[in-house]
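S.K.: Predicted model and sequence below, questions to follow.
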Amino acid sequence: MGRSHEEKAQTKRWDEHYVRAQLPAMLSIERRVCGCDYGSNSWTTRSEAELMAALLQLQPGLRLLDVGAGSGWPGLYMAKTSGCEVILLDLPFAGLRIASQRAANELIPGLCSAVVGDAALLPFPATSFDAISHSDLLCCLRQKRTVLEGCREAIRDLGRMVFTVISIAPDLPATQYRRAVMDGPEFVESETDYVTLLGETGWLIVDRRDITLDYAATCSRQFQADKKFKSTLEALIGASASAERLAEWRSQLKAIEDGLLQRELFLVHPA
């Protein structure tokens, strides 16, 4: 299935984001918000990245695939702290270039590879990986089922997958549902809930955690950091874009606080 105009436009925006996110002011904001400085595009904090690595039981000799890896967070960090091998996969080339440069400085040569590829069409043989991770990826693309099916094929029988995802709270009235769609990630809508979707794509849920409160706290830190660095952001991206960012964080935080959006962490095994 070909990628839509909206999906191609999204990739272009992320390419631009990863370059801009390497500016000192943007990295300073990221450190305040998530405790990292990779120029990331998810809500994953340092403590969440460490939890993900622990749940995956990463160690030297294991092979991790980080899908939608962006500029390397958190996949590169998990490989650095655990000693496992990591393959970073994403479509925006700029992010992978940045991640590869960082890997060359921080990892043992040969422990990191970057692959330009579509999460919905993984370019790997079956049973290639011991572990798979993705951070707030499924809520940012349409082909959620295809991605989960591809990950199931790519993982070994005793492998583990950990991911975080933002979703619309269940059973919302129509007006609130529309608000959640507007304030959530671009493709937050899903054909069904993730518990059902995982079961239908060959996964067994081992651990499921509601991390919505952490999501709200991180979004609040993002809003406060943008306010603190308002003049710097205006100089970097313009007053209009800076104001749009603030409005986006404010609306998203209100949607979380109103119970319209939720964020979860899943640990799953092949069924």
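M.R.: Received the coordinates, thanks.
S.K.: Give me the phi and psi angles of I108.
M.R.: For I108, the backbone dihedrals are phi -60, psi 130 (criterion: degrees, to the nearest 10).
S.K.: Next one, pLDDT for it please.
M.R.: If you check I108, the pLDDT there is 75.
S.K.: One more: G2?
M.R.: For G2, pLDDT reads 62.
S.K.: Number the chain from 18, please
M.R.: Got it, first residue is 18 now, which makes that one G19.
S.K.: residues of the longest helix seen in the chain that come out buried?
M.R.: Secondary structure of the chain per DSSP state H: the longest helix is helix 256-274. Across helix 256-274, burial judged by 16 or more other Cβ atoms under 10 Å covers 259, 262-263, 266-267, 269-270, 272-273. C-beta here means a position set from N, CA and C on the backbone, and glycine is covered the same way.
S.K.: Can you give me every residue that contacts S57?
M.R.: Counting by Cβ atoms under 8 Å, 6 or more residues apart in numbering, S57 touches 38, 47, 51, 87-88, 90-91, 152.
S.K.: ok so, going back, tell me which strands and helices the helix or strand just after the longest helix of the chain is in contact with?
M.R.: Going down the chain from helix 256-274, the next helix or strand is strand 278-287, by DSSP states H and E. Strand 278-287 sits against helix 63-73, strand 172-185, helix 211-217, strand 220-227, helix 229-245, helix 256-274, with contacts defined as 3 or more Cβ pairs under 8 Å, 6 or more residues apart in numbering; DSSP states H and E.
S.K.: hang on, the earlier thing: the contacts of S57 in helices, which ones?
M.R.: 47, 51.
S.K.: Now tell me what touches the longest helix of the chain from outside.
M.R.: Outside helix 256-274, the residues that reach it (Cβ under 8 Å, 6+ apart) are 196-197, 199-201, 229, 232-233, 236-237, 239-240, 243-244, 247, 250-251, 254, 278-279.
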